[in-house]
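*Asks:* Here is my input; please provide its structure:
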Amino acid sequence: PHIQAQMADTLAALRAGDETLAGDPLLSQAVADASQALQTLNVHFVVVHRDQVPPEFATFVERFLPVTFMAQDGDHVLYKVQAAVATDDLAIRPASDPLARGEGWSGLGSNQDAMTSLWAQRRETAIFAEPVAPGPYTATVRAAAAGPGQTLSLVVNGFQTAEQSLPAEWSGLSFGLPPEALTDHENKIVLRFGHTYPVDTLIGTGSPFSLLVESAGLEAGNYAHIWLNGHDISPNQRGYNLALIDGATGEVKAVDSFDTHGDPAASPALVDFVQQAGPGDLLAVAVKDTASDQLSAEAAQALRDLGLSDLRGRFRWAQAGIVTIDGAGKPAAVEEIEGLQATSVGVGAGWREPNAAAQVEWLRLERAEN
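*Replies:* The predicted model follows:
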């Protein structure tokens, strides 16, 4: 299911038997992503339930994944994943590699694909690394502390390194790992920091706040989060969850939810709420579960006037948006909608917790010379 969700948009475009697919750049990216997922998650076998997936998905697995057919029992087909050659030089960038991110990371909006670093927000923040060739390694972390007096050590599959000082300036810290630390299956690397710091101390005058909006339909997570400086201000109820925020100060002016799927009275109330937005305001929009069935034409038009999509007829779709109202009262929206998976949009750091330890750009594992 994880791989199917990752490839959902591309799979929807595939056609069984189309020989031109091999040259499609989107398909090439999907193949690379799926192959990486199999390796990173240490998957050895894949079972396709043909009666539970679209024909295009089965075609994708059979034709483009590194698998070998093993057996078939009715609609159930078993494949063996071809073993990849283990690397001895691995670079992991948490901002661009969601499979590598374990617990403790800040979030990232779908509109923020240019970001090159994420925040480690807990004293122990995890990275998952794919299998590597045996031997001793040097692990280098490029990071910048969130405050003074920070330290960093690594816990690699239970093996702990010595602690080092981590300055507030971007730095590369290197740690020696013995041969027994890393394995030829999935590796868990914990960044262990000495401290966390309130994110309020990290807010600059040029960016008065961090705002991350996350949305998921019922079958893709069933949530609606509005993270403002690490605090979730969303009611997190079915339908539309809205927050009106002062764009200059980050002050929360109003928050409410509207069940436009099950409550006919929710649509006029939603219209009244969005009409409160004035010059200089931000409107954060997150849908939980579904918002489509009782969404009126008037409410849909009010959302369209703000630059947001009409979800009528889109059962259990995710919608995340941030609308900026300029000084003349004109709206500009950043929005993502998804029918098969969760989505998000963000402005700023993407903090999901009120504290942070460090910014992290990458971790590199290089096999050391014996």
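
*Asks:* what about E298, which helix or strand?
*Replies:* helix 297-305 (DSSP states H and E).

*Asks:* could I have that helix exported to PDB, CA atoms only?
*Replies:* Only the C-alpha atoms of helix 297-305 are listed here, as PDB (Å, rounded to 0.1, in the frame of the first residue of the first chain):
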ATOM      1  CA  ALA A 297     -22.800  26.200  -4.900                       C
ATOM      2  CA  GLU A 298     -22.500  29.500  -2.900                       C
ATOM      3  CA  ALA A 299     -19.800  28.000  -0.700                       C
ATOM      4  CA  ALA A 300     -17.900  26.500  -3.600                       C
ATOM      5  CA  GLN A 301     -18.000  29.900  -5.300                       C
ATOM      6  CA  ALA A 302     -16.700  31.700  -2.200                       C
ATOM      7  CA  LEU A 303     -13.800  29.300  -2.200                       C
ATOM      8  CA  ARG A 304     -13.200  29.700  -5.900                       C
ATOM      9  CA  ASP A 305     -13.100  33.500  -5.400                       C
END
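
*Asks:* Pretty sure G172 sits in a strand.
*Replies:* Yes. G172: assigned to a strand according to DSSP: H, G, I helix; E, B strand; the rest coil.

*Asks:* In contact with it, which residues?
*Replies:* Each residue near G172 by Cβ atoms under 8 Å, 6 or more residues apart in numbering is listed here: 140-142. (Each C-beta comes from the backbone N, C-alpha and C, glycine too.)

*Asks:* Pick the one among these closest to N111.
*Replies:* R142 (24.3 Å; Cβ to Cβ).

*Asks:* Can you get me a residue count around the residue nearest to the closest one when sequence neighbours are not counted?
*Replies:* In space, and not counting its chain neighbours, R142 is closest to E361: 4.4 Å by Cβ to Cβ, 6 or more residues apart in numbering. Residues lying near E361 (other Cβ atoms under 10 Å) number 16.

*Asks:* can I assume E361 is in contact with W119?
*Replies:* No. In this structure E361 lies outside contact range of W119 using Cβ atoms under 8 Å: 11.1 Å.

*Asks:* ok, then the element right after the helix or strand containing F128?
*Replies:* Per DSSP H and E, F128 falls inside strand 124-129. Counting by DSSP H and E, the next helix or strand C-terminal to strand 124-129 is strand 137-145.

*Asks:* elements contacting that following strand?
*Replies:* If you count contacts as 3 or more Cβ pairs under 8 Å, 6 or more residues apart in numbering; DSSP states H and E, strand 137-145 packs onto strand 151-156, strand 171-177, strand 187-193, strand 358-367.

*Asks:* and with 6 Å instead?
*Replies:* Applying 3 or more Cβ pairs under 6 Å, 6 or more residues apart in numbering; DSSP states H and E, one finds that strand 137-145 contacts strand 171-177, strand 358-367.

*Asks:* in the stretch 1-150 of the chain, which spans are helices?
*Replies:* Counting by DSSP state H, counting those that start in this stretch, the segments of the stretch 1-150 of the chain that form helices are 2-6, 8-13, 25-40, 55-64.

*Asks:* weakest of the ones you listed by average pLDDT?
*Replies:* Among the helices of the stretch 1-150 of the chain, helix 2-6 carries the lowest mean pLDDT, a mean of 42.

*Asks:* pLDDT score for L14?
*Replies:* 46.

*Asks:* rewinding a little: buried residues, the strand holding F128. List them.
*Replies:* Of all the residues in strand 124-129, those buried under the rule 16 or more other Cβ atoms under 10 Å are 125-129.

*Asks:* Dump the C-alpha coordinates for stretch 262-272 into CSV.
*Replies:* Only the C-alpha atoms of stretch 262-272 are listed here, as CSV (Å, rounded to 0.1, in the frame of the first residue of the first chain):
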residue,chain,number,x,y,z
GLY,A,262,-23.0,16.0,6.4
ASP,A,263,-24.4,19.4,7.6
PRO,A,264,-26.4,21.5,5.2
ALA,A,265,-26.0,24.5,7.5
ALA,A,266,-22.2,24.3,7.3
SER,A,267,-22.0,25.9,3.9
PRO,A,268,-23.5,29.3,4.7
ALA,A,269,-21.5,29.4,7.9
LEU,A,270,-18.3,28.7,5.9
VAL,A,271,-19.2,31.6,3.6
ASP,A,272,-19.6,33.9,6.6
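
*Asks:* I'd like the mean pLDDT over that stretch, please.
*Replies:* Mean predicted lDDT for stretch 262-272 stands at 97.

*Asks:* same question, stretch 290-310
*Replies:* pLDDT averaged over stretch 290-310 gives 96.

*Asks:* May I see the buried residues of that stretch?
*Replies:* 290-296, 299-300, 302-303, 306, 308-310.

*Asks:* can I assume V155 is in contact with V190?
*Replies:* Yes. Using Cβ atoms under 6 Å, V155 is in contact with V190, at 4.0 Å.

*Asks:* contacting residues for F258?
*Replies:* 239-240, 266, 269-270 (Cβ atoms under 6 Å, 6 or more residues apart in numbering).

*Asks:* Which phi and psi values does it adopt?
*Replies:* With angles defined as degrees, to the nearest 10, F258 sits at phi -140, psi 110.

*Asks:* So what pairs up with it in the strands?
*Replies:* Y240 (DSSP bridges).

*Asks:* ok, it to S267 distance?
*Replies:* Using Cβ to Cβ, to the nearest Å, F258 is found at 7 Å from S267.

*Asks:* ok, T290 touching G262?
*Replies:* No. In this structure T290 lies outside contact range of G262 using Cβ under 6 Å: 9.0 Å.
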